[in-house]
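This is a predicted model, with the sequence first.
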Amino acid sequence: MKIVYYIYFFLVAAPLLLTATVTAAVLTAAGSIIFGDRWWGYYPAHFWARLFCLLSLVKVEVKGRENISAEENYIFVANHQGAYDIFSIYGYLNHNFRWMMKKSLERIPLVGYACRKAGHIYVDHSGNSGVRHTMTDAEKELRQGMSLVIFPEGSRTFTGEVGRFKRGAFILSNEFGLPIVPITIDGAFEVMPRTAKLPRWGKITLTIHKPVDAPSGDEKEMGELMRSTRDTIVKALNK
């Protein structure tokens with residue numbers, strides 16, 4: 001069955017997805033430059049991500065969509081199982097947002113440029129100035145009324161286990177008074193883990209949890225929120 005899937009993927013899905021990726025990147029970049037990034041920075045990639053899942057034969061189920069409102073802004077935090085986390089959230093969260101993503105992704109031809117024009121934020125860990133620049137970019141998007149999606153682990157898991165959370169998302173939540181919305185991604189590790197070069201068919205479940213009020217500036221309260229958010233995400237795995 002694997003052989004049949006990979007024959008299909010290489011001969012049918014891959015050429016279509018390459019074309020769709022170039023098309024979405026061009027539309028995103030051009031639309032964002034000409035008309036602004038509010039619509040064009042999200043919707044071309046939203047439909048591209050859905051197509052990516054469909055052509056990869058990956059079904060995405062969403063639970064808890066009633067917990068969020070399209071009219072509200074949030075800071076979404078999700079565990080990071082694999083490459084298809086991006087496609088499942090982009091395609092099926094159904095809420096306009098901007099990513100905080102690794103700066104290395106900016107080097108992807110055309111796609112990196114399109115992400116920059118769309119208003120996505122590249123996380124620069126090269127030094128204190130890079131971190132300050134990252135936070136400034138994030139604050140700019142939040143001031144414009146945009147939601148953010150952040151992987152607080154910082155990178156994809158090697159084992160499938162949820163790693164330690166970093167503080168960036170929670171600092172931004174405190175600064176802007178925006179609620180944190182935990183998202184559990186389950187199944188993306190089986191579809192395409194960090195060590196894999198190609199995907200396989202499967203099912204991914206997104207569980208959108210209830211929003212949690214922004215923390216105060218108290219260190220203890222912020223630490224407790226980080227732990228409770230991680231616990232909420234972990235408890236919904238494999239259910």
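Okay, I see it. Numbers count the residues shown, from 1 in each chain.

only C-alpha atoms for contact and neighbour calcs from this point on.
Will do.

which residues are in contact with the longest helix along the chain?
Longest helix in the chain, counting residues (DSSP state H): helix 14-35. Residues from elsewhere that reach helix 14-35 (Cα atoms under 8 Å, 6 or more residues apart in numbering): 37-42, 44-45, 48, 51-52, 55, 110-111, 113-115, 117-118.

following that helix, which helix or strand shows up next?
helix 37-40 (DSSP states H and E).

in that next one, what counts as buried?
Asp37, Arg38, Trp40 (16 or more other Cα atoms under 10 Å).

Adding distance to Val26 and pLDDT, write the residues you listed out as TSV.
Formatted as TSV, these follow (distance: Cα to Cα, whole Å; pLDDT from 0 to 100):
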residue	distance to Val26	pLDDT
Asp37	13	94
Arg38	16	93
Trp40	10	97
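
for the residues you listed, which one is nearest Asn174?
Using Cα to Cα, Arg38 is the member of the buried residues of helix 37-40 that sits closest to Asn174, with 24.0 Å.

Mean pLDDT per helix and strand in this structure: which one sits at the bottom?
helix 128-143 (a mean of 79; mean pLDDT, DSSP states H and E).

Relative to Cys53, how far out is Gly112?
Distance, Gly112 to Cys53, using Cα to Cα, to the nearest Å: 21 Å.

per-residue confidence at the most centrally placed residue in the chain?
Nearest to the mean C-alpha position of the chain, by Cα atoms, centre = their mean, lies Ile86 at 4.7 Å. Among the per-residue scores, Ile86 holds a pLDDT of 96.

Let me know the pLDDT of the closest residue to it other than its chain neighbours.
Sequence neighbours aside, Ala49 is the residue nearest to Ile86 in space, at 7.8 Å (criterion: Cα to Cα, 6 or more residues apart in numbering). We have a pLDDT of 98 for Ala49.

for the least confident helix or strand of the chain, packing partners?
Contacts defined by 3 or more Cα pairs under 8 Å, 6 or more residues apart in numbering; DSSP states H and E place helix 128-143 against strand 121-123.

Show me what the strand it packs on pairs with in its sheet, parallel or antiparallel.
Strand 121-123 has its sheet partners listed here by DSSP bridges as strand 97-102 (parallel).

re earlier: let's see the least confident helix or strand of the chain as PDB, backbone CA atoms only.
Provided in PDB are the C-alpha atoms of helix 128-143 (Å, rounded to 0.1, in the frame of the first residue of the first chain):
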ATOM      1  CA  ASN A 128      19.600  40.100  21.800                       C
ATOM      2  CA  SER A 129      19.000  42.400  18.800                       C
ATOM      3  CA  GLY A 130      17.400  39.600  16.800                       C
ATOM      4  CA  VAL A 131      15.100  38.700  19.600                       C
ATOM      5  CA  ARG A 132      14.100  42.400  20.100                       C
ATOM      6  CA  HIS A 133      13.400  42.700  16.300                       C
ATOM      7  CA  THR A 134      11.200  39.600  16.500                       C
ATOM      8  CA  MET A 135       9.200  40.900  19.400                       C
ATOM      9  CA  THR A 136       8.800  44.300  17.600                       C
ATOM     10  CA  ASP A 137       7.400  42.600  14.500                       C
ATOM     11  CA  ALA A 138       5.000  40.500  16.600                       C
ATOM     12  CA  GLU A 139       3.900  43.600  18.500                       C
ATOM     13  CA  LYS A 140       3.200  45.400  15.200                       C
ATOM     14  CA  GLU A 141       0.900  42.700  14.000                       C
ATOM     15  CA  LEU A 142      -0.900  42.500  17.400                       C
ATOM     16  CA  ARG A 143      -1.500  46.300  17.400                       C
END
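
Mind checking what helix or strand follows that helix in sequence?
Downstream of helix 128-143 (by DSSP H and E), the next one is strand 147-150.

List the contacts of that next one.
73-78, 96-101, 141-142, 169.
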